[in-house]
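> return atomic coordinates for the entry below.
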Amino acid sequence: QVQLVESGGGLVQAGGSLRLSCAASGRTFNSYTMGWFRQAPGKERDFVTAISWSGTSTYYADSVKGRFTISRDNTKNTVYLQMNSLKPEDTAVYYCAAKQGGIVYRPEWYGTWGQGTQVTVSS
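Reported below is the predicted structural model:
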């Protein structure tokens with residue numbers, strides 16, 4: 001089992017960039033698929049991106065493709081989300097999550113979640 005702590009959120013103007021980090025505790029981090037999800041007020045938690053345990057496979061929601069990049073450093077037990085060309089509609093609480101096995105898009109398949117970090121993009 002891992003525990004996850006996100007950081008790096010904040011307020012940024014449209015067109016700007018932020019990098020989120022998700023630090024994991026536990027010795028088995030490199031066996032987990034890691035995902036990023038986001039939830040805006042009054043909306044469901046949506047899939048953003050995910051990365052396989054080895055880092056060789058990544059998937060992105062269409063809404064962020066070409067703007068966001070997920071990566072991981074298994075030596076540091078950390079997964080990153082680089083967000084460029086941010087838009088006001090990217091405003092949400094961003095959560096990282098971990099699961100065993102392959103990449104899936106549904107949040108209910110991820111068993112471990114961080115506490116979330118707020119990202120606010122002003123127009």
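
> residues contacting the residue lying closest to T117 once chain neighbours are set aside?
Closest residue in space to T117, ignoring its immediate chain neighbours: G9 at 3.4 Å, by Cβ to Cβ, 6 or more residues apart in numbering. The way it works is simple: take the backbone N, C-alpha and C, and place the C-beta from them, glycine included. Counting by Cβ atoms under 8 Å, 6 or more residues apart in numbering, G9 makes contact with 18, 20, 94, 117-119.

> also T69?
By Cβ under 8 Å, 6+ apart, the contact list for T69 reads 81-82, 84.

> then S52?
33, 58, 102-103.

> what do you get for V93?
Contacts of V93 by Cβ under 8 Å, 6+ apart are 38-40, 116-119.

> quick check: which element contains it?
Applying DSSP states H and E as the criterion places V93 in strand 92-99.

> how deep is the closest residue to S31 other than its chain neighbours tucked in, by neighbour count?
Nearest residue to S31 in three dimensions, chain neighbours excluded: W53, at 5.6 Å (Cβ to Cβ, 6+ apart). W53 has 21 neighbouring residues, counting by other Cβ atoms under 10 Å.

> with T56 instead?
Burial measure for T56: 7 neighbouring residues, criterion other Cβ under 10 Å.

> how about D62?
If we define neighbours as other Cβ under 10 Å, then D62 has 6 of them.

> I70 too?
23.

> for the one 10 residues further on, same thing?
Y80 sits with 20 neighbouring residues when counted by other Cβ under 10 Å.

> wait, it touches T58, no?
No - here Y80 lies out of contact with T58, judged by Cβ atoms under 8 Å, at a distance of 11.7 Å.

> on that earlier part again, for ChimeraX, write the select line for the buried members of the contacts of T69.
Burial among these is assessed by 16 or more other Cβ atoms under 10 Å; the matching ChimeraX selection reads:
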select :81
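
> would you turn the contacts of T69 into CSV with pLDDT and distance to K65?
Output for the contacts of T69, formatted as CSV (pLDDT from 0 to 100; distance: Cβ to Cβ, whole Å):
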residue, pLDDT, distance to K65
L81, 98, 13
Q82, 98, 13
N84, 98, 12
